[in-house]
Structures are given as structure tokens and as C-alpha cells.
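>>> Below: sequence and its predicted model.
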Amino acid sequence: LNAQSLSKASPHWDNATVYRDEWGVPHVYANTPRAMAYTFGYTQAEDHLEDMLRAYRVANGRASEVYGPAFIESDTHALLMRHSDLAEAAYDGLNNLTKDLCEGFASGVNSWIVEHPDDVPVWAEGVSPIDILALLHHYLTTMAPLDHDTLYAPQKGTPLANAWALDASRTQQGNPILVMNPHTDYDGIFQWYEAHLVTKNLNVYGATLFGLPVLLMGHNNSLGWALAPNEPDTADLYGVFGTNPYTDESDDYSFHVWEDQDMNEYDLPREMTPFGPVLTYENGIPLAYKVGGYRDFGGLRQLYDMARARNLKEFQKAWDKQQLPLFHVIYADRVNNIFYSYNAKVGDKSLLKDDRSDTPRLSSTQWESPLSTRTKGVYWGKDLSPFELPWILNPDSGYLQASGTPPWLVTEGTGWTEDDFSDWLVRDPDSYRAKRLRQLFAQGKRSFADNQAMLYDMVVPLAAETVPYLLKAARNNKAYVDKASPNLQSV
């Protein structure tokens, strides 16, 4: 399908073509990044316009205008977080590539809307470049911890994922294998979309979220990478004391809710502090939310640079920009490098003395409750650099996996233990999924088909560990079991 035949409204069609394969996956070829983004936006609008517009509305705090009171909490949180405001304030200072991607993508979506009025929701409005940046900002901040039991918290953008890499010594074909498998809520606003994007210095195939102009994970001709959520403590709530703790960004805002067949206006005072936005008050004290990377908007450029990297050195240079505030990354390339990094955009918290030497590692720290700005040592120090965070290159084990696990268990023989990491940095527990993968990797070399099957492996190590204890208990209490259910008498 030649995209130029679909529209004469934009000169970008002179520089771009999109093909659909047998699965409907778009393959976008363009002469410039802007034309590529335009075509990708047009294609996404064709496939899932309403879901994409819904995601933008949630990020901008305008979902309740369409979907009613059910989204009041969501809109309130988004407006207090100021995803759209921050994106707009940052936009003029962004690099030209990011602007080309955002403006091209927005223009492509808007072109499809104009050309297909009968297929557009009645509430639809045009998309702006700010919407795109706000959506990515919202996605990334959903992954940060929120240390409060009753405050509204949006669903995590990517709650779980499988990601692993095997080097050539671990595969039957003698080639490295990379697996990427992000999970999402079926009805959540963050939905995954498969695509192939090609322009002058880019040829990448992978997946992204509805509404974004670049891929979040994928592979090019030389290398590939997968992202999986990790759990660093990259955010804190502060009880802010002082006679005037607010900054000039504070304002009185209003938003609208469709209810009872009418559009009603709600007032929303918004306070900003040097620590971050105020989310609530307790006993008259504002609780401000400090989030690592809160004012960063270089994520699209970083992802683009990761996608066009030609080797490990170029990929690491892009990854080390830390414009994505978290994630495990798993990397593999054609020359048999495999690489792991545990990312966290967070300052040094070691100034706060937390004497818990006799408590379990994942028991709550002082950092996991609202803090008082009057407490000595609660201020973050300098952000940790990539070299101060856990990373592994080409382990002797021949594999790396990040499927719900702490850094010291991503492979065999890391040389790390839990004691090597501060509680305020690494909060990741080990999962039974990760434990099962380690069992499977220990069984020898794996084929490409094996790796596909492992994604659907249903064996749960917890069951294997628990069943013998249950059987023993049943044998020791035979009379009780026989009375409990006739189906259990054979035990």
C-alpha cells in the first residue's frame, strides 16, 4: 500500500511510504525523521485512534470531560503532576529531532482525523506535540513508587515483563537470542503496538505504546534491547514545612466533568514546591512528591539514538543519558555481546541514617513513608551516575534475565549479594517467574523455538515447593482429608 495514494494533504507523503504485512504490522519507509513520524502517526490513527486519544486525555487530565466522574481521580492526579504543563514549558528548549518527531506524528494523526470524519469520535480534538510528550511523561511517572496508603495512584504503565538474552554458547543455533515480552493491563491506557520504522540512519523493528512516535524496545540490523520494569526507590513524599513553601508555578486551575448530561466545572488549587507538586495535605502540612527525572523530556531522543546505535559502545552512550528514569535493560548484538543495566534516576540518599541491621532487606525503610523536611539527612544528594548503578557485560554464565528479580540474580556468578545494595536504591524482590527461568536456563542450550515456548511456560516453582508439604500434611491428617471432600480421598 503506497501511503501517497491515501492523502494529498501533506508534502510528507512525497517522502514516505507505508506497507502492511500479512499481520497488518506497518512498515514505514521515509526520507526524513519528520516524514517517518508523520506516516507513523497517520498509521496509528488508522489502527486505534480512539484508544490513542483516550491515552492523551488521561495524560492531560481531560478524560472526565468524555468518560465522566469515573476519571475525576485520574484527572486530578494528572493535573497535579502537570504532565502537559511541564511538557509545554520544556518544548522550546528541546532538540530539533524531538520536535520533528512530535510535530510530524501529531500532523499525521490530525491528517487522518480530517480525512475520515465519519470514523472519528464526536469528542475528538486535534493532537498537539505537547500531548505526545505529556503521554510519555505520564507513562514514566506511573512507574515511580508513591509512599502513601490512601492517595490515588495510576496503574503502572508496564507492571511486569519478561526480558532475557542468551549468548551463542547458550543457544542450539550458535547465535545470540534476545527475548522481549512486556505485559500490560488489557483495558489500560498504555497499549503496545508493533511496527517497523526506516529512515536515513534508522532501521528498527519492535514495539511502542499507542501515541508515541518512536519504539520503546526492538532491534535493528546490529543489535536489540528489551526493557523490563524495576523497582528502585526513585520517588519520595515530603511533608514541607516553612512559612511559604510554594513556588511561582502554583496556580488555581479548573477542569470539566461530563455528568448528569451536562459539563460541570471543578476547581483545583495546584501548589508546587522545590521538592515537587503537592498531592495532598495532612494536618495542614503539604505533601510534595519528588520524582527522579520529573523535569526530563529527552526520552524520545534517547530512544531514537538507542534504535540507531550500530554497536555496544553507541548503545551504551545513548542509554547512559538517563532520560528514562528506571527500567532493567537487556541487550544483545550480532557480535555476541550481551549486556544488562539497572537504571534509576535518583539522588544519593545515604545521608539519612537508617539503622535496621537486624531487619529483613525489604522491610520498610524511612524512605517509604512521608518524610519531614525538618528531618536531618532527608535531602537527596547528587544523582547516581550509570557507573554507580549495577551493570553486567558478557557474564560467564552466557545469559542475562530481568523478569522480576534484583540485580544480583539476573545471572549466575554476579559476585553480588543483597548486602552490596542500599535498601533505598534496590527494592526488587525475586519472583517465581525469574526463579523458573533460571531453572530452565540450567537445563542446557536452547533453540529459538524453546525460547518462544518458555514465554508460555506455566510451571510455578512455588507449587513444586509447596505440594510435598501439602501431601505430607494430608497423610498426617487422613481422617480430616477423607471427610473434607471425596475428591481428596485418593491422596
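Received the coordinates, thanks. Residues are numbered from 1 along each chain as shown.
>>> how about low-confidence regions in this structure?
Counting by pLDDT under 70, the chain has low-confidence residues at 1-10, 353-364, 488-491.
>>> Using the three-state scheme, assign the nearest residue to H138 once chain neighbours are set aside.
For H138, ignoring the flanking residues on the chain, the nearest one in space by C-beta to C-beta, 6 or more residues apart in numbering is A59 at 3.9 Å. (Glycine included, C-beta is placed from N, CA and C.) Following DSSP: H, G, I helix; E, B strand; the rest coil, A59 is assigned to helix.
>>> quick one: A59 from T142, how far?
Distance from A59 to T142, counting by C-beta to C-beta, to the nearest Å: 10 Å.
>>> ok, now Y289?
For Y289 relative to T142 (C-beta to C-beta), the value is 13 Å.
>>> Now do the shared contacts for the two.
With contacts defined as C-beta atoms under 8 Å, 6 or more residues apart in numbering, no residue is shared by Y289 and T142.
>>> just the helices in this structure please.
33-60, 64-67, 72-81, 83-91, 96-115, 129-142, 299-308, 312-319, 432-441, 448-454, 461-476, 478-484 (DSSP state H).
>>> do you know which of those lies nearest P176?
Minimum separation from P176 across the helices of the chain (C-beta to C-beta) falls at helix 448-454, 11.1 Å.
>>> give me every residue that touches G206.
Residues near G206 by C-beta under 8 Å, 6+ apart: M180, E194, A195, L215, L216, M217, G218, H219, G224, A307.
>>> typed the wrong thing, it's L400
L400 sits in contact with W164, A165, I330, I338, F339, Y340, I392, V410, T411, where contact means C-beta under 8 Å, 6+ apart.
>>> OK, contacts around the residue nearest to H138?
Neighbours of A59 in contact, by C-beta under 8 Å, 6+ apart: A78, H83, S84, D131, A134, L135, H137, H138, Y139.
>>> about what we covered before: compare Y289 and T142 (neighbour count), which wins?
Y289 (25 against 21; other C-beta atoms under 10 Å).
>>> who are the neighbours in contact with that one?
So Y289 contacts M81, L146, A235, D236, L237, F275, G276, P277, V278, L279 (C-beta under 8 Å, 6+ apart).
>>> Looking at the residues you listed, which one is closest to G299?
Nearest to G299 among the contacts of Y289: M81, at 15.8 Å, using C-beta to C-beta.
>>> tell me the contacts of that closest one?
Applying C-beta under 8 Å, 6+ apart, we find M81 in contact with H138, T141, P277, Y289.
>>> For N311, see how far away it is.
Distance, M81 to N311, using C-beta to C-beta: 37 Å.
>>> Then E231?
30 Å.
>>> Looking at these two, which has the bigger crowd around it?
More neighbours surround E231 than the other of E231 and N311, with 17 against 14 (other C-beta under 10 Å).
>>> For that one, what are phi and psi?
phi -130, psi 50 (degrees, to the nearest 10).
>>> isn't it right next to P145, touching?
Yes: E231 lies in contact with P145 (C-beta atoms under 8 Å); the separation is 7.4 Å.
>>> what touches both of the two?
Here E231 and P145 share the contacting residues R427, scored by C-beta under 8 Å, 6+ apart.
>>> now the strands for the stretch 251-400 of the chain?
Assigned by DSSP state E, counting those that start in this stretch, the strands in the stretch 251-400 of the chain fall at 251-259, 262-270, 272-273, 276-282, 285-291, 328-333, 338-342, 371-372, 391-393, 399-401.
>>> Parallel or antiparallel, list what pairs with the last one.
When pairs are called by DSSP bridges, strand 399-401 turns out to pair with strand 161-166 (antiparallel).
>>> Show me which of the contacts of A59 is closest to D185.
Nearest to D185 among those is Y139, at 12.9 Å by C-beta to C-beta.
>>> Quick check: the closest one touching L209?
Yes: at 6.5 Å, Y139 counts as touching L209 under the criterion of C-beta under 8 Å.
>>> Tell me the residues that contact both of these two, please.
G157, F190.
>>> Against L470, how distant is A484?
To L470, A484 is 13 Å away according to C-beta to C-beta.
>>> sorry, back to before: output the contacts of G206 as a markdown table; include the columns distance to T375 and neighbour count.
Formatted as a markdown table, the contacts of G206 follow (distance: C-beta to C-beta, whole Å; neighbours: other C-beta atoms under 10 Å):
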| residue | distance to T375 | neighbour count |
| --- | --- | --- |
| M180 | 42 | 21 |
| E194 | 48 | 15 |
| A195 | 48 | 21 |
| L215 | 43 | 26 |
| L216 | 37 | 25 |
| M217 | 39 | 26 |
| G218 | 44 | 24 |
| H219 | 47 | 20 |
| G224 | 45 | 25 |
| A307 | 43 | 26 |
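>>> will you turn those into CSV that also has distance to D252?
Below are those laid out as CSV (distance: C-beta to C-beta, whole Å):
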residue, distance to D252
M180, 44
E194, 43
A195, 42
L215, 40
L216, 36
M217, 41
G218, 43
H219, 48
G224, 48
A307, 42
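>>> Just those: which are in strands?
Using DSSP state E, M180, E194, A195, M217, G218, H219, G224 are the members of the contacts of G206 that sit in strands.
>>> follow-up on the earlier one: of the contacts of M81, closest to E465?
Out of the contacts of M81, the member with the shortest distance to E465 (by C-beta to C-beta) is T141, at 36.7 Å.
>>> Could you tell me how far the nearest residue to the closest one once chain neighbours are set aside is located from Y342?
The shortest distance from T141 to any non-neighbouring residue, by C-beta to C-beta, 6+ apart, is to V291 (5.8 Å). Distance from V291 to Y342, counting by C-beta to C-beta: 18 Å.
>>> now L146
21 Å.
>>> Compare those two (neighbour count), which wins?
A direct count of neighbours by other C-beta under 10 Å for L146 and Y342 places Y342 higher, at 23 against 18.
>>> contacting residues around that one?
N230, P232, H328, L389, P390, W391, P407, V426.
>>> Try it again at 7 Å.
N230, H328, L389, P390, W391, P407 (C-beta atoms under 7 Å, 6 or more residues apart in numbering).
>>> Quick check: the two most widely separated of those residues?
N230 and W391 (12.6 Å).
>>> Looking at the two, which one has more neighbours?
Between N230 and W391, counting by other C-beta under 10 Å, N230 is the more crowded of the two (25 against 17).
>>> Report how many residues lie close to the residue nearest to the more buried one when sequence neighbours are not counted.
Spatial nearest neighbour of N230, chain neighbours left out: H328 (4.8 Å); criterion: C-beta to C-beta, 6+ apart. Residues within reach of H328, counting by other C-beta under 10 Å, total 27.
>>> so how far is E231 from H328?
10 Å.
>>> same thing with K345?
14 Å.
>>> Tell me the bridge partners for the residue nearest to N230.
For H328, the beta-bridge assignment (DSSP bridges) gives partners A228, Y342.
>>> do the same with the one 4 residues further on
For A332, the beta-bridge assignment (DSSP bridges) gives partners G224, I338.
>>> T466: what's it in contact with?
Neighbours of T466 in contact, by C-beta under 7 Å, 6+ apart: none.
>>> can you rerun that using 10 Å?
V460 (C-beta atoms under 10 Å, 6 or more residues apart in numbering).
>>> Tell me if I'm right that G242 and T273 touch.
Yes: between G242 and T273 there is a contact at 8.9 Å, judged by C-beta atoms under 10 Å.
>>> neighbour count winner among these two?
T273 (21 against 11).
>>> That one reaches I285, doesn't it?
No: in this structure, T273 is not within contact of I285 by C-beta under 10 Å, at 11.3 Å.
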